[in-house]
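**Q** No sequence on hand, only this structure:
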């Protein structure tokens, strides 16, 4: 291996293979690239494949902002049976198949449309969510059933039917953070009265980033071996569509202390943003120093309409 720099900072798009957990995927990447700090921004179940955004080095400080992004999945749902885990892993092969209602694609599309919008979703019993300090899947495996499952407010942005060949539904779903697509599959089965489980899942996008640009484990190994791995690590601007306040070099040294940003510290405004939008503080050389929320619009900041507060810190990155 020719890779020398063990402290690369930025983001890497990984196409996770089936059969490994998100934690194992991170461990493999860390071992292959010899990076000191690697983290992920949202789990994929072991059976699922597709896009994971990994954070390297100081970019791990921005992981939660990636986690907030909407996700898009290609899902396969099998009708006629239920699953203890809501996916293929928990299907009882001895369970008799239920009768699946006769439906046209148009009728099925209408049913799927009922699930679009904000809703309260019950977290699956078999999940990594903690209840009183214990993982739900550990409680489930020990047979502890007297547990009140947490509920989450989520939103299904779109749910488009791609094909239907009994018993398999193939659909693309775009949803907010925290959504369990396998819980959605289960709920669709309950609505149809025949039961259903998630038989396949591939995450195809996170925010504006697509799995088509992601690296496989084989790619990462090759780039680590030839020393070009760092060339495939993305900067903040490739991941986040944020505007920015550009600041003086003198103020840039004070950002780590969370010093309030004032007009005299600003050398320019990049992009368009509204009050309340997430924005960067960026050095004149282009380095991203912090993420926060804008306390006024880009236009107001450019015109110096008043001397109000400009920026509220969420995370210092340098």
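**A** Structure's in. What do you need? Source: prediction; values computed, not measured. Numbers count the residues shown, from 1 in each chain.
**Q** Please identify the helix or strand for the residue lying closest to residue 266 once chain neighbours are set aside.
**A** Closest residue in space to residue 266, ignoring its immediate chain neighbours: residue 245 at 5.4 Å, by Cβ to Cβ, 6 or more residues apart in numbering. For glycine as for every other residue, the C-beta is placed from the backbone atoms N, C-alpha and C. Assigned by DSSP states H and E, residue 245 belongs to strand 243-247.
**Q** Okay, now the sheet partners of that strand, with direction.
**A** strand 266-270 (antiparallel), strand 278-283 (parallel) (DSSP bridges).
**Q** Identify the residues contacting it?
**A** 255, 261, 265-273, 277, 279-284, 288-289, 294, 298, 301, 310-311 (Cβ atoms under 8 Å, 6 or more residues apart in numbering).
**Q** Select only the buried ones of the residues you listed in ChimeraX?
**A** To isolate the buried ones among the contacts of strand 243-247 in ChimeraX, judged by 16 or more other Cβ atoms under 10 Å, type:
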select :255,261,265,266,269,270,273,279,280,281,282,283,288,289,294,298,301,310,311
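**Q** pretty sure residue 40 contacts residue 59?
**A** No - using Cβ atoms under 8 Å, residue 40 makes no contact with residue 59, being 11.7 Å away.
**Q** Please identify which of those two sits among more neighbours.
**A** Legend: neighbour count by other Cβ atoms under 10 Å for residue 40 and residue 59, higher for residue 59 (27 against 21).
**Q** what's near enough to touch the more buried one?
**A** Contacts of residue 59 by Cβ under 8 Å, 6+ apart are 9, 10, 11, 236, 317.
**Q** and these, which of them are in strands?
**A** 10, 11 (DSSP state E).
**Q** nearest to residue 156, of the contacts of residue 59?
**A** Closest to residue 156 out of those is residue 11 (26.3 Å), distances taken as Cβ to Cβ.
**Q** separation between the closest one and residue 122?
**A** Per Cβ to Cβ, to the nearest Å, residue 11 is found 32 Å from residue 122.
**Q** Residue 55 too?
**A** Relative to residue 122, and taking Cβ to Cβ, residue 55 is found at 30 Å.
**Q** SS state for residue 103?
**A** coil (DSSP: H, G, I helix; E, B strand; the rest coil).
**Q** What's the local residue count around it?
**A** By other Cβ under 10 Å, the residues close to residue 103 number 16.
**Q** what would the contacts of residue 59 look like in TSV with distance to residue 50, pLDDT and neighbour count?
**A** Shown next, in TSV, are the contacts of residue 59 (distance: Cβ to Cβ, whole Å; pLDDT from 0 to 100; neighbours: other Cβ atoms under 10 Å):
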residue	distance to residue 50	pLDDT	neighbour count
9	24	92	22
10	20	95	19
11	16	97	22
236	23	96	21
317	27	91	19
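**Q** Residue 13: neighbour count?
**A** Neighbour tally, residue 13, other Cβ under 10 Å: 21.
**Q** start at 551 instead
**A** All right, first residue 551 from here; so that's residue 563.
**Q** Once you drop chain neighbours, what's closest to it?
**A** Take residue 563 and drop its neighbours on the chain: the residue closest to it by Cβ to Cβ, 6+ apart is residue 764, 3.9 Å away.
**Q** after the strand ranked longest in the chain, next one along is what?
**A** Longest strand of the chain, by residue count under DSSP E: strand 701-715. The helix or strand immediately downstream of strand 701-715 is strand 718-725, counting by DSSP H and E.
**Q** Going along the chain from that next one, find the next helix or strand for me.
**A** helix 731-742.
**Q** Report the angle between that next one and strand 701-715.
**A** 70 degrees (axes from the mean of the first three to the mean of the last three Cα atoms, to 10 degrees).
**Q** mind checking how far the nearest residue to residue 746 once chain neighbours are set aside is from residue 596?
**A** Spatial nearest neighbour of residue 746, excluding adjacent residues (Cβ to Cβ, 6+ apart): residue 739 at 2.7 Å. Residue 739 is 22 Å from residue 596, where distance means Cβ to Cβ.
**Q** These two: which has the busier surroundings?
**A** Set residue 739 next to residue 596 and count neighbours by other Cβ under 10 Å: residue 739 wins out with 25 against 18.
**Q** The more buried one touches residue 633, doesn't it?
**A** No - using Cβ under 8 Å, residue 739 is not in contact with residue 633; the gap is 9.2 Å.
**Q** shared neighbours, those two?
**A** Joint contacts of residue 739 and residue 633 (Cβ under 8 Å, 6+ apart) are residue 747.
**Q** Can you read off the pLDDT for residue 856?
**A** If you check residue 856, the pLDDT there is 62.
**Q** same check, this time on residue 702
**A** Value listed for residue 702 in the pLDDT field: 88.
**Q** ok, it to residue 769 distance?
**A** Counting by Cβ to Cβ, the gap from residue 702 to residue 769 is 34 Å.
**Q** quick one on the thing from earlier: who's in contact with the residue nearest to residue 746?
**A** Counting by Cβ under 8 Å, 6+ apart, residue 739 has contacts 627, 629, 632, 745, 746, 747.
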